[in-house]
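Undergrad: Predicted model and sequence follow; I will ask about them next.
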Amino acid sequence: KIRAAITGVHGYVPDYVLTNQELETFVDTSDEWITSRTGIKERRILKGEGKGTSVIGIESSKALLEKTGTDPKDIDLIICATVTPDMPFPATANLIADEIGAVNSFSYDISAACSGFLYALTTGSQFIETGKYKKVLVIGADKMSSIINYKDRTTCIIFGDGGGAVLLEPTTEEVGVMDSILRADGSGAQYLQMPGGGSRMPATVESVQADKHYAMQEGSAVFKFAVTNMADVAAEIMEKNNLTGDDIAWLVPHQANKRIIDATARRMEVAEEKVMLNIEKYGNTTSGTLPLCLWDYEKQLKKGDNIILAAFGGGFTWGSIYLKW
Ligand code: ACO
């Protein structure tokens, strides 16, 4: 059987650091509240006119190609998971392909919010497993600052900009993407959405003035769904693959809230030191959190490590992937 192995990972975060202390200067909040409720200390913001999410995809992809000694002309496919595309069309993946010189690839975006990277990794791995393609770039990236209302303390404290890319290549060894469970429930849209800017509510002066072009959420409802569903789906994939907490080398959870992460780890009976965590320095980068975690912890990963990725987010969407490094 051909499997899709991750043969490289690289992330990118912009330089600008937005700290809790700076947030205190423009919304009614405190470092103490943000830290105790979310675990976030700071997040990165992509500054500069004309710079969209593609910048994150381009920077991480270029570094990844260099690191793995890959010729961009050899890339067959680029999938970019994002909810903050540079524009509705063309796809951000098309723009990334052009900038990195992937002239022989086809490319498209996937919109599944915080679960986007899981959706993209699952999709990308199938193209490898069929034997049809040899090199697939899977990117998760978001410039959340472009859809955040910095007067809304319930959202602006959570999100940041960043992301990363992985290279998928075929292997006949027992490593790579081993299993995947993906779920979606559109009735969750009422709790977490960006109402404006699509075909239902195109941008007008009124819609902009009514703050409809920002992400909005019912935080506590999202929290409850996230805690239950993320833990359930992670436990389900472990059971399906006969894995116990002791068999797991790493849990890579979506970085939305430290309390959601802790609850998921407890449910899986995975020890705290095996949980990848970088929410403190990047906040929630939506599609970007999982590749950013893999990048941050890359040096600690050993061949054959059992890794469980899990996420929950807008849609609702959620899922889990069992990966062997
Ligand atoms: N600073 C200070 N006080 C605040 C802030 C803030 N930034 N935000 C809200 N509060 C206040 C509220 O107004 C409320 O005050 P009240 O009791 O006087 O009405 C109080 O704090 C408690 O508010 P809750 O919303 O109940 O606080 P909660 O403990 O649920 O934490 C949070 C809020 C952090 C948003 C949490 O619900 C959460 O993390 N939800 C998950 C949302 C999420 O991660 N969404 C991202 C996309 S989906 C995903 O990635 C999973």
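TA: Received the coordinates, thanks.

Undergrad: in the stretch 151-300 of the chain, which spans are helices?
TA: Applying DSSP state H, counting those that start in this stretch to the stretch 151-300 of the chain gives helices spanning 205-209, 219-240, 258-268, 279-282, 289-297.

Undergrad: Please work out which of those is packed deepest.
TA: Of all these, helix 289-297 carries the top mean neighbour count, a mean of 26, counting by mean count of other Cβ atoms under 10 Å. (Glycine included, C-beta is placed from N, CA and C.)

Undergrad: wait, does that helix contact the ligand?
TA: No. Figure legend: helix 289-297 not in contact with the ligand (Cβ under 6 Å from any ligand atom); closest approach 8.1 Å.

Undergrad: The helix or strand just after that helix: partners in the sheet, and parallel or antiparallel?
TA: The helix or strand immediately downstream of helix 289-297 is strand 306-313, counting by DSSP states H and E. Take DSSP bridges as the rule and strand 306-313 pairs in its sheet with strand 250-253 (parallel), strand 317-324 (antiparallel).

Undergrad: Tell me which of the helices of the stretch 151-300 of the chain lies nearest to Asp31.
TA: Closest approach to Asp31 among the helices of the stretch 151-300 of the chain (Cβ to Cβ): helix 279-282, 11.9 Å.

Undergrad: and that closest one, does that touch the ligand?
TA: No. Figure legend: helix 279-282 not in contact with the ligand (Cβ under 6 Å from any ligand atom); closest approach 10.0 Å.

Undergrad: Quick check: mean pLDDT of that helix?
TA: Helix 279-282 shows a mean pLDDT of 98.

Undergrad: And stretch 90-104, by the same measure?
TA: 98.

Undergrad: who touches that stretch?
TA: For stretch 90-104, the surrounding residues in contact (Cβ atoms under 8 Å, 6 or more residues apart in numbering) are 52-54, 57-58, 61-62, 65, 72-76, 78-80, 82, 85-86, 105, 107-109, 137, 139, 141.

Undergrad: Restrict it to CA atoms and write it as PDB.
TA: The C-alpha trace of stretch 90-104 is given here as PDB (Å, rounded to 0.1, in the frame of the first residue of the first chain):
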ATOM      1  CA  PRO A  90      -8.600  33.200  -7.600                       C
ATOM      2  CA  ALA A  91      -7.800  30.800  -4.900                       C
ATOM      3  CA  THR A  92      -4.900  31.700  -2.600                       C
ATOM      4  CA  ALA A  93      -3.300  28.400  -3.500                       C
ATOM      5  CA  ASN A  94      -3.100  29.600  -7.200                       C
ATOM      6  CA  LEU A  95      -1.300  32.800  -6.000                       C
ATOM      7  CA  ILE A  96       1.100  30.800  -3.900                       C
ATOM      8  CA  ALA A  97       1.800  28.400  -6.800                       C
ATOM      9  CA  ASP A  98       2.700  31.400  -9.000                       C
ATOM     10  CA  GLU A  99       5.000  33.000  -6.500                       C
ATOM     11  CA  ILE A 100       7.000  29.900  -5.700                       C
ATOM     12  CA  GLY A 101       7.300  28.800  -9.300                       C
ATOM     13  CA  ALA A 102       5.200  25.700  -9.100                       C
ATOM     14  CA  VAL A 103       4.300  26.000 -12.700                       C
ATOM     15  CA  ASN A 104       3.400  22.300 -13.200                       C
END
